[in-house]
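A.B. asks: I'd like to go over a predicted model; first the sequence, then the structure.
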Amino acid sequence: MCDSEVTLTAKRIEFSFLTRSNGHKKNPPDIGPLDITLRKGEKTVLIGASGSGKSTTLKLLAGLLSPTNGDITFNNMDLTKLSERRKAAIRRTDFAFIFQDYMLIENLTVSENIALPTLLNSGVYTQDNVVDAMSKVNLDSSLLNKPVFKLSGGQKQRVAISRSLMTQANVLFADEPTGNLDPRARNETLDAIDSAMKYNLQSCLMVTHDPIVAARADRVLFMKDGKIRKQYAKLTADEVNDILLGNQ
Ligand SMILES: Nc1ncnc2c1ncn2[C@@H]1O[C@H](COP(=O)(O)OP(=O)(O)OP(=O)(O)O)[C@@H](O)[C@H]1O
């Protein structure tokens, strides 16, 4: 595999919660050692039981947590060696995030939410740029000046995805992006991610419990007790279901 096909790669990363205590009752599994490569044009999904370490792994690859061992290479930089400040700058300019509970600024308008990271990056933008980013994820421009709290869950996720188009992020990190959505809004969100990948995003790493979501990924990594136990290319929703139920 040549490097030009890779967006981000994590090698032998490990992480332990044991030195931290924040009221979590169960003994969390140590994460890793694990390897993950996010390839250009690919959507990679992490599946596995609750507590298997999916969200923690996503946070490690996004530089939101620091591994105790291993390295994470993005654009020829080892994220594990960078200062918190530099990592925050990379998260703002090169990474984009969608979470189950949206994490948008509810009192700001759609337009303000979409443009905010661009503004923070001291970038210049026009309303046409925002409308263009919205149209690519099927958001009508009539929503431009609506406060986000008035939107449906599916629309909120598409606001977050269009924000990634504004900043021209390379990697989208999505933690249960469809967890709060009905099937229709789920499909609209998945279509929006596919569209963002077509226009701009290089790679997507997604955590999900939903076999239908996992069935739309290019690669599925099955996690158990903090480790990647199996890796698959395209799977059907039934196959994902069987894996999650331990039938495969
Ligand atoms: N800050 C923390 N301190 C201590 N333990 C934690 C912390 N965050 C998560 N954990 C524990 O680490 C383990 C892995 O958590 P993680 O959220 O990565 O799992 P997950 O596979 O994403 O689970 P879910 O599907 O339920 O979100 C869990 O047992 C969790 O309770």
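C.D. replies: Happy to help now that I have it.

A.B. asks: so where's the protein uncertain?
C.D. replies: Across the chain, residues meeting the criterion (pLDDT under 70) sit at 1-3, 19-26, 247-248.

A.B. asks: can you pull the contacts of the spatially most central residue of it?
C.D. replies: Compute the mean C-alpha point of the chain, and by C-alpha atoms, centre = their mean the closest residue is F173, 1.4 Å away. Contacts for F173 (C-beta atoms under 8 Å, 6 or more residues apart in numbering) come out as 58, 61-62, 95-98, 204-206. Glycine gets a C-beta too; all of them are placed from N, C-alpha and C.

A.B. asks: Do a quick rundown of the helices in the chain.
C.D. replies: 54-61, 84-93, 110-120, 127-136, 153-167, 183-199, 211-214, 237-244 (DSSP state H).

A.B. asks: of all the ones you listed, which lies closest to P29?
C.D. replies: helix 54-61 (9.1 Å; C-beta to C-beta).

A.B. asks: is any part of that closest one close to the ligand?
C.D. replies: Yes - counting by C-beta under 6 Å from any ligand atom, the ligand is contacted by helix 54-61 at 54-56.

A.B. asks: Dump those residues into a markdown table; add distance to G48 and neighbour count as well.
C.D. replies: Formatted as a markdown table, these follow (distance: C-beta to C-beta, whole Å; neighbours: other C-beta atoms under 10 Å):
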| residue | distance to G48 | neighbour count |
| --- | --- | --- |
| K54 | 6 | 26 |
| S55 | 10 | 18 |
| T56 | 11 | 21 |
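
A.B. asks: Using a markdown table, lay out the residues you listed together with distance to I105.
C.D. replies: What follows is these, written out as a markdown table (distance: C-beta to C-beta, whole Å):
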| residue | distance to I105 |
| --- | --- |
| K54 | 26 |
| S55 | 22 |
| T56 | 26 |
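
A.B. asks: rewinding a little: find the pair from the contacts of F173 with maximum spatial separation.
C.D. replies: L61 and I98 (14.7 Å).

A.B. asks: Please list all residues in contact with the residue lying closest to T189 once chain neighbours are set aside.
C.D. replies: The shortest distance from T189 to any non-neighbouring residue, by C-beta to C-beta, 6 or more residues apart in numbering, is to Q157 (4.4 Å). For Q157, the contacting residues are 98, 102, 177-178, 181, 185, 189, 192, by C-beta under 8 Å, 6+ apart.
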